[in-house]
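J.: Need coordinates for the below:
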Amino acid sequence: MTASRRNSRSFARLASAALLWVLLGFGPAHAEAPAYPSFAPGLWRLATTMDLDGKQGTRQTTTCGDPTEGMRAIFVPEASASGCRSSAPVRRGNRYGISSDCGERGSSRIEVIVHSDESFTQVIDTRTGGTRVHETIEARRVGACKK
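T.: Purely as a prediction, here's the structure:
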């Protein structure tokens with residue numbers, strides 16, 4: 001395996017883990033909040049499909065969290081997010097979108113399709129260097145968190 005493939009896989013794993021971290025509400029808090037999707041906290045099942053330059057993979061995870069906090073972190077980006085520029089969030093019906101441009105380091109686009117306060121689909125397209133990652137997360141609340 002070449003070093004660039006290892007780096008691409010490492011990036012994909014890191015990007016996926018970071019997005020999951022943000023999605024479940026462990027990202028930074030923000031004071032001002034424009035419209036972003038809101039969901040019920042609890043136990044969530046996430047079915048993730050990833051396409052990394054034509055190579056596909058899937059995984060399922062179940063985790064306890066509050067996706068609303070993660071959505072806030074996505075749709076209210078830090079003004080100085082490592083030199084990246086984020087677009088203003090856009091809402092069209094049950095769809096929320098935002099994009100980010102980090103210059104030579106890459107760009108990303110996130111769209112969240114809300115089905116209910118207990119179900120959504122998140123689509124993430126990321127480009128960095130010559131690598132393209134398309135990720136789809138089907139998220140469904142499956143109950144309360146166990147104490």
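J.: and the end-to-end length of stretch 49-68?
T.: End-to-end distance of stretch 49-68 (CA to CA, to the nearest Å): 21 Å.
J.: Check stretch 120-137 too.
T.: This stretch, stretch 120-137, spans 8 Å end to end (CA to CA).
J.: Surely Ser86 is in contact with Ser107?
T.: No - look at Ser86 against Ser107 with CB atoms under 8 Å: they stay out of range, at 10.4 Å. All C-beta spots, glycine's among them, are computed from the backbone N, C-alpha and C.
J.: Report the set of residues contacting both of those two.
T.: 99-101 (CB atoms under 8 Å, 6 or more residues apart in numbering).
J.: hang on, the earlier thing: give me the more crowded residue out of Ser86 and Ser107.
T.: For Ser86 versus Ser107, the count of surrounding residues by other CB atoms under 10 Å is larger for Ser86: 19 against 15.
J.: Show me what the longest strand seen in the chain is packed against.
T.: For the chain, the longest strand by residue count, based on DSSP state E, is strand 131-143. Applying 3 or more CB pairs under 8 Å, 6 or more residues apart in numbering; DSSP states H and E, we find strand 131-143 packed against helix 3-23, strand 42-52, strand 119-128.
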